[in-house]
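In: sequence and predicted structure below; questions after.
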Amino acid sequence: MSNSAPIGVFDSGMGGISVVRQIRADMPDENIVFYGDSAHAPYGLKSVEEIRGYCFAIVDRLLDMGAKAIVIACNTATSACVNDLRERYSVPIIGMEPALKVACDRGNGTPQHVIVAATPLTLRERKFARLMARFQNAHDIEKQPCPDLVTIVESGQLEDRDLVMRTLHKYFDHYDLEHVDSVVLGCTHFIFYRSYFREFLPSNVAIVDGNEGTSRHLHVVLESLGQLAPDPDDDKENASEPAGSAVQPKHGNVTLLNSSPDSKMVELERYLLDTPLYR
Ligand code: DGL
């Protein structure tokens, strides 16, 4: 397979765009095809069987488009079926899970009080139970499902500050936040709320997410397979440019797709990808 082949990235909807942003920042030469399954979002309130069916169909489509690797930019879909996908397909499949290890490691041996915010499905599935079992003897870990934070992004209401703050109060007011060390954003949709969380949480509470780790993992896997996109500078060195001509920096393309018949959903993807407001 050509190294210029795209990386296929998918999510139940807009959340995966936060992962595309990270991959694009870390590996700007890569071509990316993103598929948001907004017609079926939210996944976090569906059954494992339903999600599995959607994911197989999406991966088939991304592979038809020539994807050299697949990133499941969705903690929920990863919980539901990462092993099934890896069994069926031979391309590398990178999954995601809430960055609980990162949150616990921040203490350098001191017990940490961590809230993991994710979808109901992620928090009740076996994959997370196993992850939690590795840390819960040494740390105080609480699970907080936040399904409304998914629907707010999907319905384009992320900038409705009152709605977002009300929702954060609903989910987090019962915690003694002054005694919390970190909140893990264990759903890719939640990354878009980072500045709201920063404003809402006391300054002692760290906000942790898994996007950087996922992008790093992807890089390691592609590098180990010799499948990183070619550096466009290599071409420039060989090409004979007319003297004085401006050389345009060439970067990978990001193609955006969405299962919703409403064309506004691809526009929303583009907006979330390009706006500097949400990191
Ligand atoms: N973005 C997804 C995640 O990381 C799931 C959102 C949903 O559809 O419920 O878990």
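Out: Thanks, I have the structure now. Source: prediction; values computed, not measured.
In: pull up the residues of the stretch 51-200 of the chain that are close to the ligand.
Out: Residues of the stretch 51-200 of the chain lying near the ligand by Cβ under 6 Å from any ligand atom: Cys74, Asn75, Thr76, Thr119, Thr122, Val150, Cys187, Thr188, His189. Placement of C-beta: from N, CA and C, glycine included.
In: could you find the closest non-adjacent residue to the first one?
Out: What sits nearest to Cys74 in space, not counting adjacent residues and going by Cβ to Cβ, 6 or more residues apart in numbering, is Asp11, at 4.3 Å.
In: Ser259 now?
Out: Per Cβ to Cβ, 6+ apart, closest to Ser259 is Ala39, 3.9 Å.
In: hang on, that neighbour in a strand?
Out: No: applying DSSP: H, G, I helix; E, B strand; the rest coil, one finds Ala39 to be helix, outside a strand.
In: what is the neighbour count of it?
Out: The local packing of Ala39 (other Cβ atoms under 10 Å) involves 14 other residues.
In: can you give me the helices for the stretch 1-150 of the chain?
Out: 15-26, 48-64, 75-88, 100-105, 120-124, 126-135, 148-154 (DSSP state H, counting those that start in this stretch).
In: ok, and for the fifth one, which residues are buried?
Out: Residues of helix 120-124 classed as buried by neighbour count (16 or more other Cβ atoms under 10 Å): Pro120, Leu121, Thr122, Leu123.
In: send me it as CSV with only the CA atoms.
Out: The C-alpha trace of helix 120-124 is given here as CSV (Å, rounded to 0.1, in the frame of the first residue of the first chain):
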residue,chain,number,x,y,z
PRO,A,120,-22.7,5.5,29.8
LEU,A,121,-21.6,2.6,27.5
THR,A,122,-17.8,3.3,27.9
LEU,A,123,-18.2,3.4,31.7
ARG,A,124,-20.3,0.2,32.0
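In: packing partners for it?
Out: On a contact count with 3 or more Cβ pairs under 8 Å, 6 or more residues apart in numbering; DSSP states H and E, helix 120-124 meets helix 75-88, strand 140-145.
In: pLDDT of that helix, averaged?
Out: For helix 120-124, the mean pLDDT works out to 98.
In: who touches it?
Out: For helix 120-124, contacts defined as Cβ atoms under 8 Å, 6 or more residues apart in numbering pick out 43-46, 48, 51, 75-76, 79-80, 98, 116, 128, 143-145, 147, 186-187.
In: closest one of the residues of the stretch 51-200 of the chain next to the ligand to Pro92?
Out: Distance to Pro92, by Cβ to Cβ, is smallest for Cys74 among those, at 16.6 Å.
In: tell me how many other residues crowd the closest one.
Out: 32.
In: hang on, it packs against Ser12?
Out: Yes: using Cβ atoms under 8 Å, Cys74 makes contact with Ser12 at a distance of 5.6 Å.
In: mutual contacts of these two, please.
Out: Common neighbours of Cys74 and Ser12 are listed as Tyr43 (criterion: Cβ under 8 Å, 6+ apart).
In: give me phi/psi at the closest residue to Asn253 other than its chain neighbours?
Out: Excluding the flanking residues, the one nearest Asn253 by Cβ to Cβ, 6+ apart is Asn31, at 5.1 Å. Phi and psi for Asn31, reported as degrees, to the nearest 10, are phi -80, psi 140.
In: surely Asn31 meets Ile7?
Out: Yes: between Asn31 and Ile7 there is a contact under Cβ under 8 Å: 7.2 Å.
In: looking at those two, which is more packed in?
Out: Ranked by neighbour count (other Cβ under 10 Å), Asn31 and Ile7 place Ile7 first, with 27 against 18.
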